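Undergrad: Predicted structure and sequence below. I'll ask about it afterward.
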Amino acid sequence: MDIATEKKQACTLVSVAGRMDALTATEFEKACQLLIEQGERTVVTDFSDLEYISSAGLRSILASAKKLKKAGGSIQFCGLKGMVEEVFRVSGFATLFTITDTAEEVCPK
Amino acid sequence: MPKIVPIQAASLRIPASLEHLPQARAFVNSRSREFGLPAELGDKLDLVLEELLVNVGSYAYPGGSGELEIRCTLEGIVDRQASFFCLCLRDWGVAFDPLSISEREHHDSIDDMEVGGLGITLIRHMVDECTYRRVGDMNEFRACFVV
């Protein structure tokens, strides 16, 4: 799994590619924790290149979302497709979070 | 109840721990190709295998170690133009029926959302049929997909 972060004017864009499974999911949580420590509060996560996610990935997302909320921030998602979109829908995450097709819709600059 | 006839089978026995997930995944993917399963089934198989293996690795042998057997079978369903690909996981640890966990409720707030039970929710959704049984000192979970 590869994680890239990009500081924009209105948010921090976190692009995740590859597989978020029981072996890799904590990397996402660590990346979010680092952003919180750096003072970032508006996180938009781009899953366009995420091919696979399991419940371990969902747990990392939920843990990160709770930490961000506690710090007064929020996390949103974009670019969900295929099995990732299906897993979000089945788990109830699709209604729990704001999800858009592209990052530009919520974080244009 | 339809009559089931075995067509092909293969099994792998590994230590029940998360670090063996790549080995388990490679085994199931190879059998999937060998049995001629459609590629679209790949992610579902991966997901169900991971959820089951993580479950056994985390809870079956508390404070110790033990084995896990993964068995892949292709079974014909007589009188139906279909077959079942079944993933069967066996362990010899603490008795636990994952299907005893009720379906998760969907929440509107992340504060109310809990982390437990996500795995079995995903398994239930991905498979066409799943069963659990305790046989002697063995847990057996079968997850089947119509091919």
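TA: The structure has been received and is ready for your questions. Residues are numbered from 1 along each chain as shown, chains lettered A, B, ... in the order given.
Undergrad: and stretch B:9-18, average pLDDT?
TA: Mean pLDDT, stretch B:9-18: 95.
Undergrad: Equivalent analysis for stretch B:45-52, please.
TA: Rounded mean pLDDT across stretch B:45-52 is 98.
Undergrad: Mind listing residues that contact it?
TA: The contact list for stretch B:45-52, computed with CB atoms under 8 Å, 6 or more residues apart in numbering or on different chains, reads A:21-22, A:52, A:54-56, A:83, A:87, B:21, B:24-25, B:28-29, B:32, B:37, B:70, B:85, B:87, B:89, B:98, B:119-120, B:122-123, B:126-127, B:141, B:143, B:145. Heads up, the C-betas are built off the backbone N, CA and C, glycines and all.
Undergrad: now stretch A:30-44
TA: Contacts with stretch A:30-44, where a contact means CB under 8 Å, 6+ apart, come from A:3, A:5, A:7, A:10-14, A:64, A:67-68, A:71-78, A:103, A:106-107.
Undergrad: Now do that stretch: distance from first to last residue.
TA: The first and final residues of stretch A:30-44 sit 16 Å from each other (CA to CA, to the nearest Å).
Undergrad: ok, which stretches of the chain are strands?
TA: Since you didn't name a chain, this refers to chain A. A:2-7, A:12-20, A:42-53, A:74-78, A:99-100 (DSSP state E).
Undergrad: I was after chain B.
TA: Counting by DSSP E, the strands of chain B are B:4-15, B:67-77, B:82-91, B:129-135, B:138-146.
Undergrad: can you give me the angle the top helix by length along chain B makes with strand B:129-135?
TA: Longest helix in chain B by number of residues (criterion: DSSP state H): helix B:42-59. Angle, helix B:42-59 to strand B:129-135, by axes from the mean of the first three to the mean of the last three CA atoms, to 10 degrees: 30 degrees.
Undergrad: who in chain A is up against chain B?
TA: With CB under 8 Å from any CB of the partner chain as the criterion, chain A meets chain B at residues A:21-23, A:51-52, A:54-56, A:58-59, A:62-63, A:65-66, A:69, A:82-83, A:86-87, A:90-92, A:95-97.
Undergrad: What ranges in chain A fall below the confidence cut-off?
TA: Residues of chain A meeting the criterion pLDDT under 70: A:109.
Undergrad: returning to what we had before: in PyMOL, how would I select the buried members of the contacts of stretch A:30-44?
TA: The PyMOL selection below is limited to those of the contacts of stretch A:30-44 classed as buried (16 or more other CB atoms under 10 Å in any protein chain shown):
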select buried, chain A and resi 3+5+11+12+13+14+64+67+68+73+74+75+76+77+78+103+106+107
